[in-house]
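Peer 1: coordinates only, sequence not included:
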């Protein structure tokens, strides 16, 4: 007999509402917090401390920027509103894109959708739930960036209005749903009207459009050293679009400015405009997407079956030749990772966009630098280039290299059965990461030294230091990825954002800062000694020490990861 | 006599699942081609087919997750798509990959499902306890589901599906990961539901289970139903007195079976 069939009341048709769905999500969050506090209190505390460190660092950075800008009253009058306008315009664009990505994956690409939508859960309740989740997931970065910005602003403007903090937080909360609604509609349009292959093309086109937009921005910022005032006027004129009254970012900026200047009623008026628009756009977006959701869901699921088949490649093939220096088993692992990398457009497009932008910047170097590469700004620019390249590399290794070991969680039985030690497995992962990162960073560095017409000795120093940084960052990402893995997680972004990912990010940034400090010291030493092109013994010693630090950091992380992985039961 | 009456009732009642000329393709690949199928109340229907034959697509269309490009699907008289929620309230779907929220306990998940179907809390509590006992879930139901094995997850998902006593239970690979005792309990549960006039639509590769418990069997291959009926009907259709496994292989891979027969004879 089935359970209680005699007394069971038939289900009513009253559909479940958003409140019930939010309640169960809250129970899950409560359980997660309880589990984190009870089972891993040190890990939980470390995460809080790490977030505090990041937050304090950002606060210090914003303070420094505002104090620098305030040193000149005229510059402050022009630049601070411009910084604010830019911050919120950038946030408007970035949040729209990130909301679209998160909304797409949470609405159309999860088992939860299939489960809830096969039950009597109305599409509107489901879409509303995912909209709220998307807003929370996508806007934590705004909070992380925005709160220190707000406090820095208040610290710099000591006479800020008494309701300034309340206004600022209210503006943040009411601003977030505007790009959120745009992102939700964008995700629905992509799912409803484009099949998977077309979606990949859209990613490519969007990437190229982004590059072109930034080319324009770089050219806008190009300084004509002979007429700096004309440049400033022209630059500000070009950027006036960021202060258009039609942009939600402008309402927020003007409202915050009014709150700072004690113009409370004006600030309140702007807040009302922002809130009204946020509510209206959210309502329109949720209603539109919910009404047409099932057709989009059907299309998103159906279009996966129509993909073109990928031609089968031999186990090693051409890709395997890249790792000619590895023994066969390690080469197989590295080749598999390389193929996966190239077949996942999210990975390689981000790398291409980041280093493509870097290349564009480097091609504009002559306009920034002037004639002599080792005079004036000439000494600073190689240092800044090195910093930019290594920070971008740290972003790449944290996002894509760190999850490599965790993503093997489902296949550990296969990898674990290979006649390889855990050290050899990690070396294969390291070789893959090194191959990709060396290719892009060394190409970019070579471009930089050519554009700057640097002397050969300096060029070699830059290349060697970049290579050492690759070793350190790739070693850290693979090693810490093996030491703090998330084998039960299949989502690479979540692995990268987890505790291990945060530890790796902090370690990578610390390593980059150490090496940057060393490079700065080398530059300063050579400038003060008046060397032009030659490297003295002290420089070589310092460079050697930095290479040693980078290699040791990478090796230590790999050894630590290998030791931990040996103890993991498959 | 009783059997005749129940057959008469089944024939005159509205079918629980009524699929009419349904067609679905993914790009250039046809997943389901002109499928017509009716499952009356009080029947356990086993849906068989090789991998990629169109079983899961059909199930997802019945549940309203995918929409047919042509044709119609009704569940308990409710057209899926137009009045989907009414139909969904009558059915329960257990996917082949059991879905559970990682950070909920099994009991919390079952309470959530109870709330989703508006079951009174006292009834919820009693039914959860009954299912816990029947499916032997007492040891783990209060643990977070992320710690469960596949079989444990399957038990919780199955319980969630039975919680609101659905008129139609749609289940994809029900026995994967279950221990022999639970397999027996689940088979008995299915038969009990059918006796009470409920419908069970089961997709499986475990032909032994289908042969043992199904009233009717449908075999789908390359999007088309190639055989439909009771075991006796299938035997006569395949002109074979052998087991369901032999019939299935003969119908879905006739060339391979002919070769195999030839080899056996030669051997």
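Peer 2: Perfect, I can see it now. These numbers were taken from a predicted model, which means no experiment stands behind them.
Peer 1: For stretch A:253-261, buried residues please.
Peer 2: Using 16 or more other C-beta atoms under 10 Å in any protein chain shown as the test for burial, stretch A:253-261 gives A:253, A:254, A:255, A:256, A:257, A:258, A:259, A:260. Bear in mind the C-beta positions are built from the backbone N, C-alpha and C, glycine included.
Peer 1: export these to JSON lines and tack on distance to chain B?
Peer 2: Shown next, in JSON lines, are the buried residues of stretch A:253-261 (distance: C-beta to the nearest C-beta, whole Å):
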{"residue": "A:253", "distance to chain B": "39"}
{"residue": "A:254", "distance to chain B": "42"}
{"residue": "A:255", "distance to chain B": "38"}
{"residue": "A:256", "distance to chain B": "37"}
{"residue": "A:257", "distance to chain B": "42"}
{"residue": "A:258", "distance to chain B": "43"}
{"residue": "A:259", "distance to chain B": "39"}
{"residue": "A:260", "distance to chain B": "42"}
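Peer 1: which SSE is the residue positioned nearest the centre of chain A in?
Peer 2: By C-alpha atoms, centre = their mean, chain A has its centre lying nearest to residue A:395, at 7.0 Å. Assigned by DSSP states H and E, residue A:395 falls within helix A:377-396.
Peer 1: try residue B:200
Peer 2: Residue B:200 belongs to strand B:199-203, assigned by DSSP H and E.
Peer 1: do that strand and chain A meet at all?
Peer 2: No - judged by C-beta under 8 Å from any C-beta of the partner chain, strand B:199-203 stays clear of chain A, getting no closer than 10.2 Å.
Peer 1: Heading C-terminal from that strand, find the next helix or strand.
Peer 2: Heading C-terminal from strand B:199-203 (DSSP H and E), you reach helix B:207-213.
Peer 1: Next, whichever residue of the stretch 151-300 of chain A sits closest to chain B: secondary structure please.
Peer 2: Among all residues of the stretch 151-300 of chain A, residue A:298 sits closest to chain B, at 4.5 Å; criterion: C-beta to the nearest C-beta. Classification of residue A:298 by DSSP: H, G, I helix; E, B strand; the rest coil places it in helix.
Peer 1: Nearest residue to it in space, ignoring adjacent ones along the chain?
Peer 2: Leaving aside its chain neighbours, residue A:298 sits nearest to residue B:67 (4.5 Å; criterion: C-beta to C-beta, 6 or more residues apart in numbering or on different chains).
Peer 1: Looks like that neighbour contacts residue B:81 (just checking).
Peer 2: Yes - counting by C-beta atoms under 8 Å, residue B:81 is a contact partner of residue B:67 at 5.7 Å.
Peer 1: neighbour count winner among these two?
Peer 2: Neighbour count, other C-beta atoms under 10 Å in any protein chain shown: between residue B:67 and residue B:81, residue B:67 has more, with 20 against 17.
Peer 1: relative to strand B:199-203, how tilted is the longest helix along chain B?
Peer 2: Assignment by DSSP state H gives helix B:180-195 as the longest helix of chain B. Angle between the axes of helix B:180-195 and strand B:199-203 is 140 degrees (criterion: axes from the mean of the first three to the mean of the last three C-alpha atoms, to 10 degrees).
Peer 1: For helix B:180-195, buried residues please.
Peer 2: By 16+ other C-beta under 10 Å, the buried positions in helix B:180-195 come out as B:182, B:183, B:185, B:186, B:187, B:189, B:190, B:191, B:193, B:194.
Peer 1: repeat for stretch B:47-66
Peer 2: For stretch B:47-66, a neighbour-count test (16+ other C-beta under 10 Å) marks B:47-50, B:53-66 as buried.
Peer 1: What is the end-to-end distance of that stretch?
Peer 2: By C-alpha to C-alpha, to the nearest Å, the extent of stretch B:47-66 from end to end equals 18 Å.
Peer 1: Just the mean pLDDT for that stretch, thanks.
Peer 2: Stretch B:47-66 shows a mean pLDDT of 90.
Peer 1: just how off-centre is it within its chain?
Peer 2: Distance of stretch B:47-66 from its chain centroid, counting by C-alpha atoms, centre = their mean, to the nearest Å, is 10 Å.
Peer 1: Pass me the low-pLDDT residue ranges in the stretch 1-150 of chain B, would you?
Peer 2: Where the stretch 1-150 of chain B drops to pLDDT under 70, the residues are B:1-12, B:82-83.
Peer 1: got the residue ranges for the helices in the stretch 51-200 of chain A?
Peer 2: Along the stretch 51-200 of chain A, the segments classed as helices by DSSP state H, counting those that start in this stretch run A:73-108, A:111-118, A:123-156, A:164-175, A:177-193, A:196-221.
Peer 1: Make a markdown table from these and add distance to residue A:65 to it.
Peer 2: A markdown table is the format used below for these (distance: least, C-beta to C-beta, whole Å):
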| stretch | distance to residue A:65 |
| --- | --- |
| helix A:73-108 | 7 |
| helix A:111-118 | 42 |
| helix A:123-156 | 8 |
| helix A:164-175 | 17 |
| helix A:177-193 | 24 |
| helix A:196-221 | 17 |
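Peer 1: Pretty sure residue B:105 sits against residue B:143.
Peer 2: Yes - counting by C-beta under 8 Å, residue B:105 touches residue B:143, with 6.0 Å between them.
Peer 1: Compare the two (neighbour count), which wins?
Peer 2: The neighbour comparison of residue B:105 against residue B:143 (other C-beta under 10 Å) goes to residue B:105, with 21 against 13.
Peer 1: tell me the contacts of the nearest residue to that one once chain neighbours are set aside?
Peer 2: Leaving aside its sequence neighbours, residue B:105 sits nearest to residue B:142 (C-beta to C-beta, 6+ apart; 5.2 Å). By C-beta atoms under 8 Å, 6 or more residues apart in numbering or on different chains, the contact set of residue B:142 is B:105, B:106, B:107.
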